[in-house]
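Student: after the sequence you'll find the predicted model.
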Amino acid sequence: MGDIAALETQIAFVEDAVTGLDDALAAQQQHILRLERQIDRLQQRLKDQDARIDTVVADSNEPPPPHY
């Protein structure tokens, strides 16, 4: 009977470990999704800023500065 109790104890520890790993994996996946959304927003902001810079440069009628 001692062997069965030891196996049941080991199974309980393994089940607890699997549950903990599953929770950690789910939390990491949520974190990755948040980071991906943040990257998407930052990429969009960079594109918008680049478009504004291109507009300002295109609208500039100033001659280039003299070179020394």
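Tutor: Here it is on my side, so go on.
Student: for Pro66, phi and psi?
Tutor: Backbone torsions for Pro66, taken as degrees, to the nearest 10, come to phi -70, psi 150.
Student: what distance do you get for it to Asp22?
Tutor: 67 Å (Cβ to Cβ, to the nearest Å). (Each C-beta comes from the backbone N, C-alpha and C, glycine too.)
Student: more neighbours, these two?
Tutor: Asp22 (10 against 5; other Cβ atoms under 10 Å).
Student: just the helices in this structure please.
Tutor: 2-59 (DSSP state H).
Student: got any ranges where it has weak pLDDT?
Tutor: 58-61, 68 (pLDDT under 70).
Student: go again using 90 as the cut-off
Tutor: Low-confidence segments of the chain (pLDDT under 90): 1-2, 50-68.
Student: give me the residue at the spatial middle of it.
Tutor: In the chain, the C-alpha nearest the mean C-alpha coordinate belongs to Leu35, at 2.5 Å (Cα atoms, centre = their mean).
Student: look up how far Asp3 lies from that residue.
Tutor: Distance of Leu35 to Asp3, given as Cβ to Cβ: 47 Å.
Student: then Val14?
Tutor: The gap separating Val14 from Asp3 is 16 Å, by Cβ to Cβ.
Student: out of those two, which sits in the more crowded spot?
Tutor: Shown here are Val14 and Asp3; by other Cβ under 10 Å, Val14 has more neighbours (10 against 7).
Student: in stretch 13-30, what counts as buried?
Tutor: Judged by neighbour count (16 or more other Cβ atoms under 10 Å), stretch 13-30 contains no buried residues.
Student: let's have the chain start at 456 instead
Tutor: With 456 as the first residue, the last one maps to stretch 468-485.
Student: please state the offset of that stretch from the chain centre?
Tutor: 19 Å (Cα atoms, centre = their mean, to the nearest Å).
Student: put the alpha carbons of that stretch into PDB.
Tutor: The C-alpha coordinates for stretch 468-485 follow below in PDB (Å, rounded to 0.1, in the frame of the first residue of the first chain):
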ATOM      1  CA  PHE A 468       2.500  17.000  -7.500                       C
ATOM      2  CA  VAL A 469       2.600  16.400 -11.300                       C
ATOM      3  CA  GLU A 470      -1.000  17.600 -11.600                       C
ATOM      4  CA  ASP A 471      -0.200  20.700  -9.500                       C
ATOM      5  CA  ALA A 472       2.900  21.400 -11.700                       C
ATOM      6  CA  VAL A 473       0.900  21.000 -14.900                       C
ATOM      7  CA  THR A 474      -1.800  23.300 -13.600                       C
ATOM      8  CA  GLY A 475       0.900  25.900 -12.700                       C
ATOM      9  CA  LEU A 476       2.500  25.600 -16.100                       C
ATOM     10  CA  ASP A 477      -0.800  25.900 -17.800                       C
ATOM     11  CA  ASP A 478      -1.600  29.100 -15.900                       C
ATOM     12  CA  ALA A 479       1.800  30.500 -16.700                       C
ATOM     13  CA  LEU A 480       1.400  29.700 -20.300                       C
ATOM     14  CA  ALA A 481      -2.000  31.400 -20.400                       C
ATOM     15  CA  ALA A 482      -0.600  34.500 -18.700                       C
ATOM     16  CA  GLN A 483       2.400  34.600 -21.200                       C
ATOM     17  CA  GLN A 484       0.000  34.300 -24.100                       C
ATOM     18  CA  GLN A 485      -2.100  37.300 -22.900                       C
END
